[in-house]
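Colleague: Okay, structure incoming, though there's no sequence with it:
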DNA sequence: GTCTATAAACGGATAGAC
DNA sequence: GTCTATCCGTTTATAGAC
């Protein structure tokens, strides 16, 4: 297998393992078993585990950004919001997983320090998208937007991340969308 | 030091370590160093790490329940909600910690299976309290309660847990209270 | 690039003395 | 109850052969 494929394979498996078990819940051994190579070979691509962590976050954010851009710009704000929540739910594959951002931010205290900025950037990117969504929703009257849109955007994103966590805990998909009724006008 | 004190001491230190680093982010060694005993002595109280985990959740839930009961029943619903959020913020000691429920639910995939029910119970207990709060708020008109109170209660609790996570990530206390403006009538 | 082999530290856990 | 001593699997990481 050529280099880029193996590297990509490792990153995507690590991503899934993190979504399932968290950064402290998987090892190079788990990864090696799944990829079908030895742990030493993983160190060839990612000398330290924190190198892998940063690669995972960066890759996830890139593909996330693409997914968001693919939400048709012609939709009403409430429709976009539904689509946005739906993307999250799909990324969590039937409640077995949660969002990389949520699990890693929760583990922050036991993560290598370099992860913090990357996670802040991931959060900020999503919150900025929500700010623009809320502005559109306020113009249209399709979303209820009380007060500062930035505060609302942060609250919505926190509610979504928390919702994914509780959806898995109760194995109850609807918990991921509980925030919607509170926001629709 | 007598038995009950040492045991209590261990539980409370473990609780703090979990709030800071998560279940997979601390070891009996960390605990021993802080308590001032050897790891073997911790095994005397908690033979397996999962025994300690269950004790921590149980103890946390008990004290949590007491704290909620201490919110004066004469308050308006919106005042109670502010008090409730404030208790959470205080339990997180200036953004260094998050709630036990939030971090453990996020780590669920790498926790011993026995933790799940305890965590569901913890979530359900808080959500039930919020259901009653919302009913009071609807009667009084002091809270905005759109649609099903159970759905709203779950959304609020998820938003609060997510808010504590993001407050720590950005070291920004206000993020814990971002959900309030969306709820006050 | 991937392997074998290995290092060195850490993890949870136990036996048995005091 | 707490200790010392120890077991043994795991984990991250490196050296060097192929």
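Modeller: Nice, thanks for sending it over. Note that the structure is a prediction, hence the values are computed from the model and not measured.
Colleague: Just the buried residues of the lengthiest helix in chain A, please?
Modeller: Secondary structure assigned by DSSP state H gives helix A:115-140 as the longest helix of chain A. For helix A:115-140, burial by neighbour count (16 or more other CB atoms under 10 Å in any protein chain shown) applies to A:115-116, A:118-119, A:122-123, A:126-127, A:129-131, A:133-134, A:136-138. In short, each C-beta sits where N, CA and C put it, glycine included.
Colleague: residues near residue A:150, how many?
Modeller: For residue A:150, the count of nearby residues is 14 (other CB atoms under 10 Å in any protein chain shown).
Colleague: tell me the mean pLDDT for the longest helix of chain A?
Modeller: For helix A:115-140, mean pLDDT is 98.
Colleague: Can you tell me the element the nearest residue to residue A:130 once chain neighbours are set aside falls in?
Modeller: Excluding the flanking residues, the one nearest residue A:130 by CB to CB, 6 or more residues apart in numbering or on different chains is residue A:153, at 3.8 Å. Here residue A:153, judged by DSSP states H and E, is contained in helix A:149-170.
Colleague: re earlier: contact partners for the residue nearest to residue A:130?
Modeller: Residue A:153 is in contact with A:127, A:128, A:130, A:131, A:133, A:134, counting by CB atoms under 8 Å, 6 or more residues apart in numbering or on different chains.
Colleague: ok, the residues you listed vs DNA strand C, which is closest?
Modeller: residue A:127 (34.1 Å; CB to the nearest atom of the strand).
Colleague: if I look at that closest one, how far off is residue A:65?
Modeller: 13 Å (CB to CB, to the nearest Å).
Colleague: picking up where we left off before, DNA strand C versus the residue nearest to residue A:130, what's the distance?
Modeller: Using CB to the nearest atom of the strand, to the nearest Å, residue A:153 is found at 38 Å from DNA strand C.
Colleague: Could you confirm whether the longest helix of chain A reaches DNA strand D?
Modeller: No: residues of helix A:115-140 are not located near DNA strand D by CB under 7 Å from any atom of the strand, the shortest gap being 13.7 Å.
Colleague: Show me the shaky parts of chain A.
Modeller: A:1-3 (pLDDT under 70).
Colleague: Show me what from it comes close to DNA strand D.
Modeller: So chain A meets DNA strand D at A:26, A:27, A:28, A:29, A:30, A:39, A:40, A:43, A:47, A:48, A:49, A:50 (CB under 7 Å from any atom of the strand).
Colleague: Secondary structure element holding the fourth one?
Modeller: Remark: residue A:29 resides in helix A:28-35, with elements defined by DSSP H and E.
Colleague: Could you list every helix and strand in contact with that helix?
Modeller: helix A:3-21, helix A:39-45 (3 or more CB pairs under 8 Å, 6 or more residues apart in numbering or on different chains; DSSP states H and E).
Colleague: please redo it, this time with the cut-off set to 10 Å
Modeller: Contact analysis of helix A:28-35 by 3 or more CB pairs under 10 Å, 6 or more residues apart in numbering or on different chains; DSSP states H and E lists helix A:3-21, helix A:39-45, helix A:49-69 as its packing neighbours.
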